[in-house]
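Engineer: based on what follows, work out the 3D shape:
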Amino acid sequence: MRISQKICQLILKVTGWTAESKIEIPKKCIFCVAPHTSNMDFFIGKIGYTSLGNVRPNFLIKSDWFRFPFNLFFGPIGGIPVYRDKKDKKMVDAIVEEAKKRDTFQLAITPEGTRSRNSRWKRGFYHIAQGANIPIVIVALDFGRKRVYVSHQAEITGDPDKDIKAIQRWYVDNDIKGKYPEKFAIEE
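Structural biologist: Take a look at the predicted model:
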């Protein structure tokens with residue numbers, strides 16, 4: 001067990017949080033992480049992943065956070081800047097190609113794309129998984145139960161609207177609460 005894993009387990013214990021995985025986490029996957037309602041989600045998620053051991057996902061973050069001195073923090077821990085003024089398609093294609101050429105590729109994405117209330121999730125996480133032929137793993141940042149929960153692999157049928165609605169419905173059916181529950185919404 002690595003020292004960082006032990007430290008993160010201790011942080012979770014002291015703060016009353018837990019991290020658990022119901023599945024063996026694939027070496028290549030997209031983590032669909034929700035709800036995303038606060039900046040605290042990043043820290044809870046990162047500590048939770050690290051406490052589980054063999055999980056070290058990269059993550060997408062607004063390019064504004066890659067200015068000095070924040071770039072010295074976010075780069076080394078796996079941050080990938082997203083430049084919103086450019087076409088998302090180019091970013092998706094680049095990530096798909098990167099996933100295909102690596103032996104290990106784990107990328108955590110918050111499909112809401114914002115901490116504000118947004119029922120229309122961005123589809124990039126789905127298209128990356130589909131294009132790279134890797135699974136989508138469902139992760140809940142559940143502030144109600146104070147746990148980071150790696151649940152299951154989502155079914156990808158090729159119909160993004162249907163599949164994403166099913167993923168969203170899982171969060172509601174399992175009563176997953178964000179830090180600010182009123183900011184979490186799904187498409188009806």
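Engineer: strands along this structure, start to end?
Structural biologist: For the chain, the strands defined by DSSP state E occupy 18-21, 28-34, 58-62, 79-82, 105-109, 136-142, 147-153.
Engineer: format those strands as JSON lines; extra columns: mean neighbour count and distance to G124.
Structural biologist: Bear in mind the C-beta positions are built from the backbone N, C-alpha and C, glycine included. Listed next are the strands of the chain as JSON lines, based on neighbours: other C-beta atoms under 10 Å; distance: least, C-beta to C-beta, whole Å:
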{"stretch": "strand 18-21", "mean neighbour count": "17", "distance to G124": "24"}
{"stretch": "strand 28-34", "mean neighbour count": "24", "distance to G124": "9"}
{"stretch": "strand 58-62", "mean neighbour count": "18", "distance to G124": "8"}
{"stretch": "strand 79-82", "mean neighbour count": "18", "distance to G124": "9"}
{"stretch": "strand 105-109", "mean neighbour count": "23", "distance to G124": "7"}
{"stretch": "strand 136-142", "mean neighbour count": "24", "distance to G124": "12"}
{"stretch": "strand 147-153", "mean neighbour count": "19", "distance to G124": "18"}
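Engineer: out of the ones you listed, which gets nearest to I186?
Structural biologist: Between I186 and these, the shortest gap by C-beta to C-beta is with strand 28-34, which sits at 9.3 Å.
Engineer: so which of the strands of the chain is nearest F42?
Structural biologist: Nearest to F42, of the strands of the chain and by C-beta to C-beta, is strand 58-62 at 7.7 Å.
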